[in-house]
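A.B. asks: how would this look folded up:
(2 chains)
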Amino acid sequence: MKDILRLMVVLTATCFVAALTLSQVYQLTKEPIAYQKRLEVLRAIRAVLPNIDNEPDKDTVALQFEKTSTGESREVIFFRGRSRGELTGVAFVVTSPEGYGGRIEMMLGVDPQGTILGVEILGHLETPGLGSKIGGTAFRQQFVGRDLKNTQWAVRKDGGDIDQITGATISPRAVVKAIKMGLDIYQENRQKISGG
Amino acid sequence: MGVTGEFLKGLWKENPIFRLVLGMCPALAVTTAAINGIAMGLATTFVLLCSNLVVSLVRKIIPARVRLPSFIVIIATFVTIVDLVMAGFFFRLHKTLGLFIPLIVVNCVILGRAEAFASKNPIFSALADGLGMGIGFTLSLGVLGAIREVLGNGTLFSIPIMGASFLPFLVMVLPPGAFIALGFLLAAMNRIAQKS
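C.D. replies: This is a model prediction of the structure:
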């Protein structure tokens, strides 16, 4: 009995000290981590929205969307970029679950009319050297200036206007589909996003 | 063996990767580039050093029957500290190493050293052991990462060194490349060890 008590005391004390230490470290690193995350978001927004002088992460609209296949709802945050107070572009995150290695997350930037200003890949698990080329400028740059009307939204292999990547079809396909979906969402909600 | 001996054994004679073949999961998974291997190695070294120190300090207080859970709590505490500090101050690196930082907890090198060495030896020997093992681990991961980066990507520390006509061996930065590089390195190490 005494023995068990001793084991309990030692384990409890160990965990108590560990928890105390971690809460201190957490307090100390909370702000730097939040700051780094914000920088990361801002960097991605600035990459897809040229010519802005505001802080787009403080000028946002959040909209709820029903995911038809699963029934759950999903929130998309639209970051509004302005130059001298006037809306010059909107950036938002689009995700594709259909990448070769998993989810592909992108920041999409459009001008108020819905023409693409820039695409930035935030995270992907595609094959290095093949599918990972979706992150390269050559692939991403071809989306600039495209909108829903002037483009067939598919890779060339499928009869569309987007150049695929040799040796990797699945990754570009996933990106194209996600961007097209992002443009659709933007068009349908343009009023809500630019106003209010 | 003196303190110096405890330090030196981790570098070559009992090198965790090439002689003990421990901690293979991070060694194979993150070494797609030299910098990733070294960063992972340094993070592991820090945890190893701290856990060896604390385990050696409390080795007479912790009853044998609860030593493993206690060691794991100690190790997990330091891993969480590394995770939080890296997220706050080395954000890019933290993003690259991602999932593998929390997994340092289950790196058998660390529990192995705590159990086999630090729990039976005084503080200075334990520190020397942790530092030696950590540096041995870091160097091994660095070498593995450098070989894979040069062959698979044509760069070293992201600087192109193979010239424009070099066609990268893509497989070397993919998972099989990790096994191939490790296999050749192990063979070379065994050969050198046999001769001396």
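A.B. asks: drop to CA atoms for contacts and neighbour counts, all remaining ones
C.D. replies: OK.
A.B. asks: hey, where'd the helices end up in chain B?
C.D. replies: In chain B, the segments counted as helices under DSSP state H are B:3-9, B:24-29, B:34-57, B:67-89, B:91-97, B:108-116, B:123-153, B:175-195.
A.B. asks: poorly predicted segments of the chain, please.
C.D. replies: Let's take chain A. Counting by pLDDT under 70, chain A shows low-confidence ranges at A:67-72, A:196.
A.B. asks: oops, I was thinking of chain B
C.D. replies: Regions of chain B meeting the criterion pLDDT under 70 cover residues B:1.
A.B. asks: grab the nearest non-local neighbour of the residue in it that chain A sits nearest to.
C.D. replies: Taking CA to the nearest CA, chain A has its nearest neighbour within chain B at B:Gly88, 4.1 Å off. Excluding its sequence neighbours, the residue lying closest to B:Gly88 (CA to CA, 6 or more residues apart in numbering or on different chains) is A:Ile33, at 4.1 Å.
A.B. asks: confirm the one you found sits in a strand?
C.D. replies: No - following the definition DSSP: H, G, I helix; E, B strand; the rest coil, A:Ile33 is helix and is not counted among the residues of a strand.
A.B. asks: smallest gap between chain A and chain B, at which residue?
C.D. replies: Residue nearest to chain B within chain A: A:Ile33 (4.1 Å; CA to the nearest CA).
A.B. asks: the helix or strand that contains A:Ala178: how far from the chain's middle?
C.D. replies: Assigned by DSSP states H and E, A:Ala178 falls within helix A:170-188. On the basis of CA atoms, centre = their mean, to the nearest Å, the separation between the geometric centre of helix A:170-188 and that of its chain is 13 Å.
A.B. asks: stretch B:94-112 too?
C.D. replies: In terms of CA atoms, centre = their mean, the centre of stretch B:94-112 is found 9 Å from the chain centre.
A.B. asks: close to chain A, is that stretch?
C.D. replies: No - using CA under 8 Å from any CA of the partner chain, stretch B:94-112 stays clear of chain A, coming no nearer than 9.5 Å.
A.B. asks: how about residues contacting that stretch?
C.D. replies: Residues from elsewhere that reach stretch B:94-112, judged by CA atoms under 8 Å, 6 or more residues apart in numbering or on different chains: B:16, B:22-23, B:25-26, B:30, B:36, B:40, B:43-44, B:47-48, B:51, B:71-72, B:75-76, B:79-80, B:82-83, B:86-87.
A.B. asks: and those, which of them are buried?
C.D. replies: Of all the contacts of stretch B:94-112 considered here, the ones buried according to neighbour count by 16 or more other CA atoms under 10 Å in any protein chain shown are B:16, B:22-23, B:26, B:30, B:36, B:40, B:43-44, B:47-48, B:51, B:71-72, B:75-76, B:79-80, B:82-83, B:86-87.
A.B. asks: kindly report the residues of chain A close to chain B.
C.D. replies: Taking CA under 8 Å from any CA, the part of chain A that reaches chain B is made up of A:7, A:10-11, A:14-15, A:18-19, A:21-22, A:25-26, A:29-34, A:36, A:127-129.
A.B. asks: just the buried subset of those, written out for ChimeraX, thanks.
C.D. replies: One line in ChimeraX is enough to select the buried ones among the residues of chain A next to chain B; burial here means 16+ other CA under 10 Å:
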select /A:7,10,11,14,15,18,22,25,26,29,32,33,36,127,129
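A.B. asks: tell me which residue is most central in chain B.
C.D. replies: The centroid of chain B falls nearest to B:Phe137 when counting by CA atoms, centre = their mean (3.7 Å).
A.B. asks: hmm, that residue is touching B:Met40, no?
C.D. replies: No - between B:Phe137 and B:Met40 there is no contact under CA atoms under 8 Å: 9.2 Å.
A.B. asks: quick one: name the residues of chain B near chain A.
C.D. replies: Residues of chain B lying near chain A (CA under 8 Å from any CA): B:61-63, B:65-66, B:69-70, B:73-74, B:77, B:80-81, B:84-85, B:87-89, B:91, B:170, B:173-174.
A.B. asks: surely A:Glu66 meets A:Val76?
C.D. replies: No - with contact defined as CA under 8 Å, A:Glu66 does not count as touching A:Val76 (10.9 Å).
A.B. asks: looking at these two, which has the bigger crowd around it?
C.D. replies: Under the criterion of other CA atoms under 10 Å in any protein chain shown, the comparison of A:Glu66 against A:Val76 puts A:Val76 first, with 15 against 11.
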